[in-house]
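Novice: fold the following for me, if possible:
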Amino acid sequence: MWWILLSFSAFAQEELDLKAIKKLEEKLPSTRYFEGEQVTKKSLRKPRHQHPFQKVRFSQIIESGTEYGHVTAGKFLVRLEDNQKIEVAEEFYGKFFRLQDEYGYKYLQSNDGKCLFKIRSEFFTSVSPELELYEPPLKYTPAPTNIIRADYDQDLRFSPEASISGGYVIGSYMKDLFNDENAGLGLTSQYSFEATTKWKHPIKPGMVISYEKSFYNLKGNGRVIYTSPSFGPAFKSKDFYVATFPVRIHSHFRVSPYAKAFAQTVNGDITFDFNSADLFIKAEHPMKNIFGEFLLGIYFQSQWLNIKDQPEIISVSPSNQTNKSFGLSIAQVFE
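Specialist: Down below sits the predicted model:
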């Protein structure tokens, strides 16, 4: 009897609790949900995208064209014949077909145009952008084939040179002038500074300034001292090779209105003033050094003299004899 009373009491308590909850819900804002009537229709149009996994025919791969690519060492090629993996011992560049298959493999084209191997696309690096250095023009006119191009130097440069020459002089003019056989042979030296153009042409022109001093002996312990500051154009040839020995020709033509000859004779001291003209020719061998070129050569010079003012105590007829000198020369070209 007691258990019946307890069950009624529990049911009454549960009903009281539900009534309290319902009263609380009535005080809250009401929210209603409506289920709209929608009709879903299947679209007959094709989707804009395609599923990433699609079957790629081998003929499509062959027709896709080729591109150059690079594969590093340590990767694996797969041989199509038996699906055998082959490790790449050394990196290589090769031709690969542009289109890959549905499993992500790139196919390698061999030298004979066949396809024998494939490789994972992540092991492949395309080098086609590096090979496309420029875009070809849309329109162009072919250049004529008979263009004659002039080769010339963009700028004019000069190579300064300092030289010393010394040797013997055959003084035919001096022998006639002083009527003395002892003056037929003398010693001469020259100090020159010149600047020659540095260009591609076989002949290189320039300018030279020179100072010459010569000594002649006379009878009775007499002596003639000849001095001549001169200037003029200079020319150098390109190097010629005798076997492996380079040789060049160097020449200059100098004039001097201030040439002098001071003579100590048995009859007294005499001074002559000349107009001189000198033709200097030298064969020289160049040798490279830290300053530029060191030149060693042999030279020959022909000298024409014309008396300007004769002393009153003598009268000398003009002579057509020339003084000829020869000897050795050393020079330094600064570059």
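
Novice: can you count the residues close to Ala73?
Specialist: Neighbours of Ala73 under the rule other CB atoms under 10 Å: 10. C-beta coordinates here come from the backbone N, C-alpha and C atoms, glycine included.

Novice: got the confidence number for it?
Specialist: pLDDT, Ala73: 89.

Novice: how about it, what does it touch?
Specialist: Taking CB atoms under 8 Å, 6 or more residues apart in numbering, we find Ala73 in contact with 88-91.

Novice: try it again with 10 Å
Specialist: 87-92 (CB atoms under 10 Å, 6 or more residues apart in numbering).

Novice: do Leu296 as well
Specialist: 284-287, 328-331.

Novice: let's see that with 6 Å instead.
Specialist: For Leu296, the contacting residues are 285, 330, by CB atoms under 6 Å, 6 or more residues apart in numbering.

Novice: tell me how far it lies from Gln332.
Specialist: 11 Å (CB to CB, to the nearest Å).

Novice: in this protein, which segments are predicted with low confidence?
Specialist: Regions of the chain meeting the criterion pLDDT under 70 cover residues 1-53, 133-136, 149-155, 310-319.

Novice: and the helices in it?
Specialist: Secondary structure of the chain by DSSP state H: the helices cover 2-27, 58-63, 128-131, 172-178.

Novice: contacts for the third one, please.
Specialist: Same thing as helix 128-131. Helix 128-131 has contacts (CB under 6 Å, 6+ apart) with 67-68.

Novice: one more time with 8 Å, if that's ok
Specialist: 67-69.

Novice: ok so, going back, looking at the contacts of Ala73, which one is closest to Lys114?
Specialist: Phe92 (16.8 Å; CB to CB).

Novice: start and end of stretch 263-272, how far apart?
Specialist: 8 Å (CA to CA, to the nearest Å).

Novice: flag every buried residue along that stretch.
Specialist: 263, 270, 272 (16 or more other CB atoms under 10 Å).

Novice: of those, which is the nearest to Ser251?
Specialist: Once CB to CB is applied, the member of the buried residues of stretch 263-272 that ends up nearest Ser251 is Phe272, at 27.4 Å.

Novice: surely the closest one meets Ser228?
Specialist: No: the criterion here is CB atoms under 8 Å, and Phe272 misses it with Ser228 at 11.6 Å.
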